[in-house]
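Asker: What follows is a predicted protein model with its sequence.
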Amino acid sequence: MMKRGKVRTECSLLLMMMLIFCMKPVYPVHAAAQSTADSISYPDAESSNDMDSYADTDNSTDNSTYYPVTDDTDYSSLPEDGPDMDNGWEEPPVFYDMPVLDTQTLHLAAGGDSYELHLQNAVSASYQLGSPAVSMSVASLSDETAQSVTITPIAAGSTVLTVTAVGADQSQHVLTCDITVSQLEVSDKLVEIYLNDTQTAKDVRIEGADLDAVYYGSSGGWNDSFKDALTYSSQCSIDTGNEEVADAYFSDGNIHINGYAKGITNVRGTIFGVPFSIKVKVYHYTLNKYAVNTYKGSAKKILKVKGAGNHKVTWSAGNPNVASVSSNGTVTINGIGATKITAKVNGRRLICIVAVSSKTACRAVKNARAVSQKKDVQYSQAYRMSQNYYDCSSLVYRCYAVLGIRFGNTNPHWAPTAAEEGRWCTNTKHVVSTQPVDILSCKLVPGDTIYYSFNGNNGRYLNIDHTAIFAGYAYDESAGYYGTVIEASSSRNAVVERMYYPGNTTKLIGRPSKK
């Protein structure tokens, strides 16, 4: 029995030594957040009751706590190079955002709005403009905190703002912001617009600004250039007192002003807090008559310029053989033709077209206009000589025939064609032109007959297939000078008065009556 007990004892010791030899290594773990041995999990008592095998065998005096790692332990949290046996797990590093300004470049307008420059990620800060002697005349600082500072522009110039900021980790950082202050001004305080000019608008420049710079910082709510910000930024506004006289708006770095009617108004606004005001005077010189259609031997005509005020008016006539004018604007009719009477005032020119026909031609126009104003007139070639029926050539013929001009026709009951009327003008030398003429050339007079070719080769003289009577000159404020013709229109089934167009379809212009 003793031998068996001794052998059993020796076997037990051998097994225990083998168990100890094969055991996993013990890893130390730093006790975090006041962890104690009581909070450490041990293997089940059934698997092992030998608590001494888990005791700390290290004689060091640190407070690290160790535990065994079994086969089902999660190794993913262990460092690749193994644990630090002296200090336990390494604490993860803490990162702090560095202090930063919301912009490093700032454009301001002298006397305009202040700007609140923001500082982020700082626990304290101090602000200093460049050389005090220079910088304090350019801008001033107020409301200094760790988060922002208010910069007020004073006068044109440049300076540098230096910010010494302390971050959350107590590290110190030096930041800078370049500040440029511009003296914004408008190039003109008084604008005069003349509606008689070709251009009835003017641009007023905004001076002192860098048109391509971004004012009030790149992160101040918008990032357009100055010229774009004028249109889109709420910090820029413009208003006109009387929009019936003129209006204004920002355009490409300018203030664009349009004149509409004679009068005086003001354009006011602000640009980043800088106010401006422009007085606008709109002049409009007008004539009491822009076109005179008359006949040789008619009474004198009186022309007057309205809106001239105290400005002197100088009168002149283009062709005195047609009409002459006195120093006070009295026009004397001298001969058949058309000319321009010009009034010059304050460097502007006003024109009245005076067209003089024979008395016969004026009456022919009067006859044609009377027909065009009837409501029951129709177009017809079959009934062209019947009452209230006309085609183009019968209208011209019937308006002149009652005045003794028959275009060489021997049949009083049937009008010649438009082509034959044109041929008669050529043969009797009653031709004004064989090509289109512009209305301002002043070659037409009331009563002239115009011959057209719309449909190409028809075998007739000059391929003429239509005719009309020139009724005279007219003027409209928006359209300018124009002329009208009276014709029998197949498409409208009526006799109408329409605008004269000098197109390529015009083949001949005649003047049936020269006396």
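Answerer: The structure has been received and is ready for your questions. Worth saying up front: this structure is predicted, and the values here are computed from it rather than measured.

Asker: for the stretch 301-450 of the chain, which spans come out with low pLDDT?
Answerer: Judged by pLDDT under 70, the stretch 301-450 of the chain has no weakly predicted residues.

Asker: where do the helices sit along it?
Answerer: Assigned by DSSP state H, counting those that start in this stretch, the stretch 301-450 of the chain shows helices spanning 359-372, 392-401, 418-427.

Asker: Among those helices, show me which one is buried the most.
Answerer: helix 392-401 (a mean of 24; mean count of other Cβ atoms under 10 Å). Any C-beta I mention is one placed from the backbone N, CA and C, and that applies to glycine too.

Asker: now for that helix, which elements pack on it?
Answerer: helix 359-372, helix 418-427, strand 466-476, strand 480-489 (3 or more Cβ pairs under 8 Å, 6 or more residues apart in numbering; DSSP states H and E).

Asker: how about the ones you listed in CSV, adding distance to residue 229?
Answerer: Shown next, in CSV, are the helices and strands packed on helix 392-401 (distance: least, Cβ to Cβ, whole Å):
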stretch, distance to residue 229
helix 359-372, 58
helix 418-427, 65
strand 466-476, 41
strand 480-489, 39
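
Asker: Figure out which of these is closest to residue 105.
Answerer: Closest to residue 105 of those is strand 480-489 (Cβ to Cβ; 51.8 Å).

Asker: List the buried residues of the next helix or strand after the closest one.
Answerer: Per DSSP states H and E, the first helix or strand lying C-terminal to strand 480-489 is strand 494-499. Residues of strand 494-499 classed as buried: 494, 495, 496, 497 (neighbour count, 16 or more other Cβ atoms under 10 Å).

Asker: which stretch among the helices and strands packed on helix 392-401 comes nearest residue 309?
Answerer: With Cβ to Cβ, the closest approach to residue 309 among the helices and strands packed on helix 392-401 belongs to strand 466-476: 22.6 Å.

Asker: Look up how far residue 112 lies from residue 141.
Answerer: Distance from residue 141 to residue 112, counting by Cβ to Cβ, to the nearest Å: 16 Å.

Asker: How about residue 446?
Answerer: Distance from residue 446 to residue 112, by Cβ to Cβ: 64 Å.

Asker: more crowded one of those two?
Answerer: Neighbours were counted for residue 446 and for residue 112 using other Cβ atoms under 10 Å; residue 446 has more, 25 against 21.

Asker: The closest residue to the more buried one other than its chain neighbours bridge partners, please.
Answerer: Excluding the flanking residues, the one nearest residue 446 by Cβ to Cβ, 6 or more residues apart in numbering is residue 472, at 4.2 Å. Beta bridges link residue 472 to residue 484 when assigned by DSSP bridges.

Asker: and residue 472, what does it touch?
Answerer: By Cβ atoms under 8 Å, 6 or more residues apart in numbering, the contact list for residue 472 reads 291, 293, 355, 365, 446, 483, 484.

Asker: and what of residue 172?
Answerer: Going by Cβ under 8 Å, 6+ apart, residue 172 touches 164, 165, 166.

Asker: can I get those in a markdown table with distance to residue 197?
Answerer: Output for the contacts of residue 172, formatted as a markdown table (distance: Cβ to Cβ, whole Å):
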| residue | distance to residue 197 |
| --- | --- |
| 164 | 60 |
| 165 | 59 |
| 166 | 65 |
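
Asker: Buried only: go through the residues you listed for me.
Answerer: By 16+ other Cβ under 10 Å, the contacts of residue 172 give 165, 166 as buried.

Asker: Please narrow the contacts of residue 172 to those residing in strands.
Answerer: Using DSSP state E, the subset of the contacts of residue 172 located in strands is 164, 165, 166.

Asker: who's in contact with residue 298?
Answerer: So residue 298 contacts 333, 356 (Cβ under 8 Å, 6+ apart).

Asker: could you redo the last one with a cut-off of 10 Å?
Answerer: 292, 333, 356, 357, 359, 362 (Cβ atoms under 10 Å, 6 or more residues apart in numbering).

Asker: do you know how far the third one is from residue 324?
Answerer: The one in question is residue 356. In this structure, residue 356 and residue 324 are 12 Å apart, going by Cβ to Cβ.

Asker: and what of the second one?
Answerer: Per Cβ to Cβ, residue 333 is found 9 Å from residue 324.

Asker: any residues in contact with both of the two?
Answerer: In contact with both residue 333 and residue 324: 300, 354, using Cβ under 10 Å, 6+ apart.

Asker: Could you list the buried residues of the helix or strand harbouring residue 179?
Answerer: Using DSSP H and E, residue 179 falls within strand 172-182. For strand 172-182, burial by neighbour count (16+ other Cβ under 10 Å) applies to 175, 177, 179, 180, 181, 182.

Asker: In CSV: the residues you listed, plus distance to residue 340 and pLDDT.
Answerer: CSV is the format used below for the buried residues of strand 172-182 (distance: Cβ to Cβ, whole Å; pLDDT from 0 to 100):
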residue, distance to residue 340, pLDDT
175, 72, 97
177, 66, 94
179, 61, 94
180, 56, 94
181, 56, 95
182, 51, 95
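
Asker: from these, which is closest to residue 231?
Answerer: Among the buried residues of strand 172-182, residue 182 lies closest to residue 231 (Cβ to Cβ), at 18.4 Å.

Asker: And the furthest pair within the contacts of residue 298?
Answerer: Pairwise distances across the contacts of residue 298 peak at 15.2 Å for 292 and 359 (criterion: Cβ to Cβ).

Asker: hey, where'd the helices end up in the stretch 51-200 of the chain?
Answerer: Along the stretch 51-200 of the chain, counting by DSSP H, counting those that start in this stretch, helices occupy 132-138.

Asker: pLDDT below threshold where in it?
Answerer: Ranges of the stretch 51-200 of the chain meeting pLDDT under 70: 51-90, 132-136.
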